[in-house]
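Undergrad: turn this into a structure:
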Amino acid sequence: MINFSKTAEDLLARLDTRSRDIIVRRFGIGKEEKETLESIGKEYRITRERVRQIEANAKKELTSMRDLLASAEQMLADIFAEHGGLMSETHAVNVIQERTGQAVDAHTIHFFLTILPSFTTVAPTSLFETHWQHPASLHENIEKIVIMAMEVLKKNNAPITIEQLVNEIRSAAQGTVVPDTHIHAALHASKNISPTAFGDWGLIGWAETSPRGVGDKAFAVLRRNGKPAHFREITEMINQASFDHKKANPQTVHNELIKDGRFVLVGRGLYGLKEWGFMAGTVADVLISILKETGKPMSKDELLQAVLKQRMVKKNTVLLSLQNNTKFKKAENDLYTLA
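TA: Numbers count the residues shown, from 1 in each chain. Sure, this is the predicted structure:
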């Protein structure tokens, strides 16, 4: 089995010292960051253009080393063919690591994809981010897969598991054979679809996939929780989700929950989502809404049960609100109406 890191070392060893150094630094092979033409040029006391020329000549030389490149090219070609001929660089790296068991870094794979003429990099389009193609194995259904995935997610209006998304796409394909690997490749390269912090997949721009602040993060974790939670618990869920390196503060989260219309206070410090059907306002406001909606007098027990579906409060809190004579009045048969 090809060892990408070792093969890269063998390829570079055939270059002269300066060319090898420039290629290593330009691609960031074995390093955290790639270096610019300008920074390399300053060290060698040559122009940026001269560095570019040396890099270009070195790439041509590397491309001609067919004896060393053959195995790497074959494995990459097989992987791309399996995935429909199109892959994002990150996805390709992940598949290679899983397939070979090697801790090969992204810079090294980028190096091989760049110097192998059978692979081409494609600029962003309306459907895809920058990605790589192996034209000989490019599948005609790749774009259709992304369009179907977007339609499935729009219809669902919430992120779903990769398994559910794959099944929905296959169902929408109506008899067309769509391998899982093709779907995975299309999703990873997609410009409009992304995994959430929880591993589900959703549309770019949704709070779960692209949280822009504490409010979106709170919405994402509460929606996933599926039931109301205390603002401190919501804070813990945000920090456990690891959306980014920013740690949420309980008071900041509470402030966002108060002012964001997506959330409803349903108990002492407890918040639910408005989309779950919770009514905004106090217990008295909820009683008023219920009586208006039913359009007829209701018994104390009926009102109590209706309010407790909306609020996590004690029964006495509801009964005390009913005693407000400016808003409610007791009619015949112990029924209540609006004052």
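Undergrad: would you mind giving the domain segments of this structure?
TA: 4-64, 67-137, 142-203, 214-276, 283-338 (automatic domain parsing).
Undergrad: dump those domains to TSV, plus mean neighbour count.
TA: Bear in mind the C-beta positions are built from the backbone N, C-alpha and C, glycine included. Formatted as TSV, these follow (neighbours: other CB atoms under 10 Å):
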stretch	mean neighbour count
domain 4-64	16
domain 67-137	17
domain 142-203	18
domain 214-276	17
domain 283-338	15
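Undergrad: reformat those into JSON lines and put mean pLDDT next to each item.
TA: Formatted as JSON lines, these follow (pLDDT from 0 to 100):
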{"stretch": "domain 4-64", "mean pLDDT": "95"}
{"stretch": "domain 67-137", "mean pLDDT": "95"}
{"stretch": "domain 142-203", "mean pLDDT": "93"}
{"stretch": "domain 214-276", "mean pLDDT": "95"}
{"stretch": "domain 283-338", "mean pLDDT": "92"}
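Undergrad: in three-state terms, label the nearest residue to A58 once chain neighbours are set aside for me.
TA: Distances taken as CB to CB, 6 or more residues apart in numbering place S19 nearest to A58, at 4.2 Å, with adjacent residues excluded. When classified by DSSP: H, G, I helix; E, B strand; the rest coil, S19 comes out as helix.
Undergrad: now do A103
TA: Counting by three-state DSSP, the backbone at A103 sits in coil.
Undergrad: surely it and Q97 touch.
TA: Yes: counting by CB atoms under 8 Å, A103 touches Q97, with 6.8 Å between them.
Undergrad: pretty sure T337 sits against K329.
TA: Yes: between T337 and K329 a contact is recorded at 5.9 Å, counting by CB under 8 Å.
Undergrad: before we move on, the earlier item: contacts only, for the residue nearest to A58.
TA: Neighbour list for S19: 54, 57-58, 61 [criterion: CB atoms under 8 Å, 6 or more residues apart in numbering].
Undergrad: in helices, which of the residues you listed fall?
TA: Within the contacts of S19, residues falling in helices by DSSP state H are 54, 57-58, 61.
Undergrad: now these as TSV including distance to A197?
TA: Below are these laid out as TSV (distance: CB to CB, whole Å):
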residue	distance to A197
I54	43
N57	45
A58	41
E61	44
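Undergrad: for those, which one is nearest A280?
TA: For the ones in helices among the contacts of S19, the residue nearest A280 by CB to CB is A58; the value is 65.1 Å.
Undergrad: is it true that the closest one touches I23?
TA: Yes: applying CB under 8 Å as the test, A58 and I23 come out as touching, 5.1 Å apart.
Undergrad: so what's in contact with these two at the same time?
TA: Here A58 and I23 have L15 as joint contacts, going by CB under 8 Å, 6+ apart.
Undergrad: and G41, how close does it get to R20?
TA: Here the criterion is CB to CB, to the nearest Å. By it, G41 lies 17 Å from R20.
Undergrad: do you have the helices of the stretch 151-300 of the chain handy? List them.
TA: Assigned by DSSP state H, counting those that start in this stretch, the stretch 151-300 of the chain shows helices spanning 162-172, 180-189, 214-225, 231-241, 250-259, 283-294, 300-308.
Undergrad: please enumerate the strands of the stretch 1-150 of the chain.
TA: Assigned by DSSP state E, counting those that start in this stretch, the stretch 1-150 of the chain shows strands spanning 86-87, 120-122, 131-133.
Undergrad: distance to F243 for those - can I get that in CSV?
TA: Shown next, in CSV, are those (distance: least, CB to CB, whole Å):
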stretch, distance to F243
strand 86-87, 26
strand 120-122, 29
strand 131-133, 25
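Undergrad: nearest to M1, out of those?
TA: strand 86-87 (19.5 Å).
Undergrad: the closest one packs against which elements?
TA: Counting contacts by 3 or more CB pairs under 8 Å, 6 or more residues apart in numbering; DSSP states H and E, strand 86-87 packs against helix 66-82, strand 131-133, helix 180-189.
Undergrad: residues making contact with the shortest one?
TA: By that I understand strand 131-133. Contacts of strand 131-133 (CB under 8 Å, 6+ apart): 80, 85-89, 92, 113, 119-122, 189.
Undergrad: and those as JSON lines, adding distance to H182?
TA: Formatted as JSON lines, those follow (distance: CB to CB, whole Å):
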{"residue": "F80", "distance to H182": "11"}
{"residue": "G85", "distance to H182": "9"}
{"residue": "L86", "distance to H182": "9"}
{"residue": "M87", "distance to H182": "10"}
{"residue": "S88", "distance to H182": "14"}
{"residue": "E89", "distance to H182": "18"}
{"residue": "A92", "distance to H182": "14"}
{"residue": "L113", "distance to H182": "19"}
{"residue": "F119", "distance to H182": "18"}
{"residue": "T120", "distance to H182": "19"}
{"residue": "T121", "distance to H182": "20"}
{"residue": "V122", "distance to H182": "17"}
{"residue": "A189", "distance to H182": "11"}
